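Asker: could you work out the structure for the sequence below:
(4 chains)
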There are 2 protein chains.
Amino acid sequence: MADIARLAGVHVSTVSRALAGSPLIERRMREKILKIAAKQGYVVNATARNLRTRRTQTLNVAIPLAHESGQALTDPFFTDMLGHLADEITQRGYAMHLQKILPPMQGWLPKLIRARSADGIIVIGQSTEHAALEEAARDYAPLVVWGGQLEQQRYCVVGTDNAGGARLAAEHLLAAGRRRIVFVGDPSIPEIRLRRDGCERALKKARAAGADVRVLAAHMTADAAYESVRGFIARGERFDAVFAATDVIAISAMRAIAAAGLAIPRDVAVVGFDDIPLAAHVHPPLTTVRQDIARGAKLLVDLVLRRLAGENAPSVTMPAELVVRESSASG
Amino acid sequence: MADIARLAGVHVSTVSRALAGSPLIERRMREKILKIAAKQGYVVNATARNLRTRRTQTLNVAIPLAHESGQALTDPFFTDMLGHLADEITQRGYAMHLQKILPPMQGWLPKLIRARSADGIIVIGQSTEHAALEEAARDYAPLVVWGGQLEQQRYCVVGTDNAGGARLAAEHLLAAGRRRIVFVGDPSIPEIRLRRDGCERALKKARAAGADVRVLAAHMTADAAYESVRGFIARGERFDAVFAATDVIAISAMRAIAAAGLAIPRDVAVVGFDDIPLAAHVHPPLTTVRQDIARGAKLLVDLVLRRLAGENAPSVTMPAELVVRESSASG
DNA sequence: TTGAAAGCGTTACCAA
DNA sequence: TTGGTAACGCTTTCAA
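Answerer: Numbers count the residues shown, from 1 in each chain, chains lettered A, B, ... in the order given. Predicted coordinates:
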């Protein structure tokens, strides 16, 4: 910038104002400076500007992966969400800083906040970090989380109505005559716990004769889920329906069920959660609870920017929709 | 940091050194300072450090989308690549800055370089930007591109052997008795052009009686590709095989073919490119050319960091592998 | 081993 | 409308 100032025969502060489009600068002067800058291929140094303005025009997208440290970013749910977030953030004139958070996770959120590398933070999934989020939200406003709406929660969250979606799924299974339902997923993750709760409440409410739901803990990766279900079957457990916490788990369960010689949906009905693109194309096509990820991404960005602007924007829960396909047809 | 210095009763430079783990600082002094910093929840301001050190510990991932400005980041190829890049970049201790480049694209690359918001740049896909990349590589080393290896190319590129992969696909179709092949894709994109060329060369070399290949221009989005193929069929064109430039195009083509009442593979064989997760699950399962995206991501990050360190790391072309499934079985 | 001071490249305040 | 100057928060050179 000093170079440009010298070439234009003015002070750097004048160049700075001209480049920023300040109305204080005379039109001819501005045009002259802009022309020289363009000719020199000059671009304002982002780091210096960030330091001075205390703004980075960047949003941090953090993905805590307490459990699935492996290749979890290849889960279609995450990658879909990332694609939509990138679209949305770019469109708003911000840059997107992407960050996987792996164990040890001690203090990752306060560190992220205080490093000031971004103007706001979007966290994808609560993972095991509910307490950390709650604590951070006490004195940091531009923080929005994708996840489940919990009671007495201070931080701003965007997510699907997990319990409601799960209830739809469970009622659908009961209506199709299923009685022994297995919920496959890790209830230590808040969203998953809400899905399990919704499922259990539907059963209680229905008072269907002899109906029960058992919980089979399983991590969210395809291989781990496959092994869980395979082991469950090998132990001789009896069941006529699987409600999987995610589609990735559901598809793995379908493989394990088929490998054990059971037929879907005749012997076992399967329902998933997410409606990833694959869900419609596996065999048989998977019944699942759809989340509107594009809308979720839009909301996350919208809320974090509104909170950045000082507004106390509240949480949003989006309705879930049951997509019935063949994997849950009446046995 | 000034606060910490005051609390510790030392100068800020001492605090800075202690926090950076400098061996100059006495062990007891360092521990004292670290303890105070931890208690205060102090974290070094990333922007200020970046300005001073002229390093950002950030890699820029840029995705030029001259054509497909819509929702292209939802293409499984991109999202897969992003997931793997995020894994790889995080693992190397860098942050990932993600940026979609949309029209108007005038000067985006020099601007990105000179803003110094990242230590290096990874560009996913050449799109229409070959000339811009060539120009930028003249005086900017830490730039690596995912795409096709072109002749007389200055910039460093990582990619699959597009022509070789396409040749495998074409030879496979010819061996299955197909003669009238339609290549569906936009040859103005370098990678796609290489795939078309490989396909055409395979036909020339084979001298199979009466075999020919026509090119049907089609954008990479599912809807655009569907419309192209639908129109092609509606015009009464005759063909017995489709070689699609990407799996997304292939799957759309399959829909259009089925909608026209033609059977796959009996009437028309279909082959794609990428081997996205969906490919194995559509009906019939899609024959395709596999790209090893995980390895590609690893190479991109590795090369850009080596170039950042001053090494003149060269381009890498990875072999392509034909994955034969039912969509291309002998008619 | 620690302190002092300069400087990274901007922007913003105060004067003129 | 423009110029001068301080300050953003840190690291690093030089001196002690």
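Asker: the helices in the stretch 51-200 of chain A, which residues?
Answerer: Along the stretch 51-200 of chain A, the stretches classed as helices by DSSP state H, counting those that start in this stretch are A:76-91, A:108-115, A:130-136, A:162-175, A:190-206.
Asker: packing partners of the first one?
Answerer: Applying 3 or more Cβ pairs under 8 Å, 6 or more residues apart in numbering or on different chains; DSSP states H and E, one finds that helix A:76-91 contacts strand A:58-64, strand A:95-101, strand A:120-124, helix A:247-259, helix A:293-308, helix B:76-91, strand B:95-101. Placement of C-beta: from N, CA and C, glycine included.
Asker: which stretch among these comes nearest residue B:181?
Answerer: helix B:76-91 (22.5 Å; Cβ to Cβ).
Asker: mean neighbour count and mean pLDDT added to the helices of the stretch 51-200 of chain A, as JSON lines?
Answerer: Output for the helices of the stretch 51-200 of chain A, formatted as JSON lines (neighbours: other Cβ atoms under 10 Å in any protein chain shown; pLDDT from 0 to 100):
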{"stretch": "helix A:76-91", "mean neighbour count": "23", "mean pLDDT": "89"}
{"stretch": "helix A:108-115", "mean neighbour count": "18", "mean pLDDT": "96"}
{"stretch": "helix A:130-136", "mean neighbour count": "17", "mean pLDDT": "97"}
{"stretch": "helix A:162-175", "mean neighbour count": "23", "mean pLDDT": "97"}
{"stretch": "helix A:190-206", "mean neighbour count": "21", "mean pLDDT": "95"}
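Asker: from the helices and strands packed on helix A:76-91, which stretch is densest packed?
Answerer: Most buried of the helices and strands packed on helix A:76-91, by mean neighbour count (mean count of other Cβ atoms under 10 Å in any protein chain shown): strand A:120-124, with a mean of 25.
Asker: list the strands paired with it, with their directions.
Answerer: strand A:58-64 (parallel), strand A:143-146 (parallel) (DSSP bridges).
Asker: what is the mean pLDDT for the first one?
Answerer: Taken as a whole, strand A:58-64 has an average pLDDT of 95.
Asker: ok so, going back, make CSV from the helices and strands packed on helix A:76-91 and add distance to residue B:190 to it.
Answerer: Formatted as CSV, those follow (distance: least, Cβ to Cβ, whole Å):
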stretch, distance to residue B:190
strand A:58-64, 30
strand A:95-101, 26
strand A:120-124, 33
helix A:247-259, 34
helix A:293-308, 30
helix B:76-91, 15
strand B:95-101, 16
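Asker: a markdown table for the ones you listed, including distance to DNA strand D?
Answerer: Converted to a markdown table, those look like this (distance: least, Cβ to the nearest atom of the strand, whole Å):
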| stretch | distance to DNA strand D |
| --- | --- |
| strand A:58-64 | 16 |
| strand A:95-101 | 18 |
| strand A:120-124 | 18 |
| helix A:247-259 | 41 |
| helix A:293-308 | 17 |
| helix B:76-91 | 21 |
| strand B:95-101 | 16 |
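Asker: so what's the residue count around the closest residue in space to residue A:34 that isn't next to it in sequence?
Answerer: Counting by Cβ to Cβ, 6 or more residues apart in numbering or on different chains, residue A:34 lies nearest to residue A:18, which is 6.5 Å off, once chain neighbours are set aside. Residue A:18 has 24 neighbours, counted by other Cβ atoms under 10 Å in any protein chain shown.
Asker: same question for residue A:227.
Answerer: Residue A:227 is flanked by 15 other residues according to other Cβ under 10 Å.
Asker: do you know the pLDDT at it?
Answerer: The model's pLDDT for residue A:227 equals 95.
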